[in-house]
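S.K.: just the structure for this:
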Amino acid sequence: MCNQVKKTTHVKPGKGGAFVQVGNCLVLGDVHRAHNFPLLQAELKEIGGNRNKNQRFRSTEDVTAAELDSYQFYTLLYMDGDNMVLMHEETFEQREIPGSMLGGAAPFLSDGMRMRVEFYNGEPLQVKPPAAADFTVAEAQSVRSDTVNPTSFKSVTLHNGQRLMVPPFVNEGDIVSVNMDTLEYAERVKKA
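M.R.: Numbers count the residues shown, from 1 in each chain. Predicted structure coming up:
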């Protein structure tokens with residue numbers, strides 16, 4: 001496998017991720033202990049391909065820090081099929097980046113969102129949407145007050161057509177904040 005991205009599957013609490021180069025592979029990983037040996041366990045994904053591989057590295061193995069291009073902020077202009085058309089905030093350069101780089105978050109994107117894009121050798125490596133985004137509830141079912149369970153959730157439709165599970169007190173027309181990492185309800189936004 002050449003030109004691979006590796007993402008950790010085990011993270012030791014309190015340790016941040018680091019990009020390192022292993023041969024011709026780019027690694028994003030964290031150290032964790034397994035059987036009293038510090039190991040880096042990583043999921044390798046080929047850049048520009050679809051192959052995946054799991055691999056462990058011992059703390060005694062030599063790795064060299066990879067030279068990543070600095071991250072840059074882009075604004076989402078619009079979705080063009082499965083691709084995002086992003087505009088650089090300073091140079092106004094437009095780039096087309098596959099929406100698949102965001103995984104399940106792609107349907108929750110809306111025009112004007114600010115994205116953080118990280119590059120490796122001039123190619124986009126990682127796209128991070130904002131931590132949270134606000135959406136208006138377009139359709140919500142009413143809940144009978146005598147059957148409300150404090151731990152229950154109901155399904156609503158957002159203005160972008162996506163469905164979301166929310167607490168029973170959320171009504172049609174309310175604005176809700178969605179955690180873009182987990183794609184779950186975060187809170188109801190107070191109207192100004």
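S.K.: which single strand of the chain contains the most residues?
M.R.: strand 69-80 (DSSP state E).
S.K.: outside of that strand, which residues touch it?
M.R.: Strand 69-80 has contacts (CB atoms under 8 Å, 6 or more residues apart in numbering) with 84-89, 94-96, 99, 106, 109-122. Where C-beta positions appear, they are placed from N, C-alpha and C, glycine not excepted.
S.K.: buried ones in that strand?
M.R.: 72, 74-77 (16 or more other CB atoms under 10 Å).
S.K.: what's the first-to-last distance across stretch 178-187?
M.R.: Start to finish, the residues bounding stretch 178-187 are 7 Å apart (CA to CA, to the nearest Å).
S.K.: show the average pLDDT along that stretch.
M.R.: The average pLDDT within stretch 178-187 is 92.
S.K.: tell me the domain boundaries of this protein?
M.R.: Annotated domains of the chain cover 4-65, 69-128, 132-189 [automatic domain parsing].
S.K.: by mean pLDDT, show me the worst of those.
M.R.: Looking at these, the bottom one is domain 4-65 with a mean of 55.
S.K.: I figured S100 hits A106, correct?
M.R.: Yes: assessed by CB atoms under 8 Å, S100 is found in contact with A106 at 7.3 Å.
S.K.: looking at these two, which has the bigger crowd around it?
M.R.: Neighbour count, other CB atoms under 10 Å: between S100 and A106, A106 has more, with 17 against 11.
S.K.: so which of the buried residues of strand 69-80 comes closest to E184?
M.R.: L76 (21.1 Å; CB to CB).
S.K.: ok, and the closest non-adjacent residue to E96?
M.R.: Leaving out its chain neighbours, the residue that sits closest to E96 by CB to CB, 6 or more residues apart in numbering is N83, at 4.9 Å.
S.K.: and what of S177?
M.R.: A186 (4.3 Å).
S.K.: wait, a strand at the one you found?
M.R.: Yes: A186 sits within a strand when classified using DSSP: H, G, I helix; E, B strand; the rest coil.
S.K.: what distance do you get for it to V166?
M.R.: 10 Å (CB to CB, to the nearest Å).
S.K.: now A140
M.R.: 8 Å.
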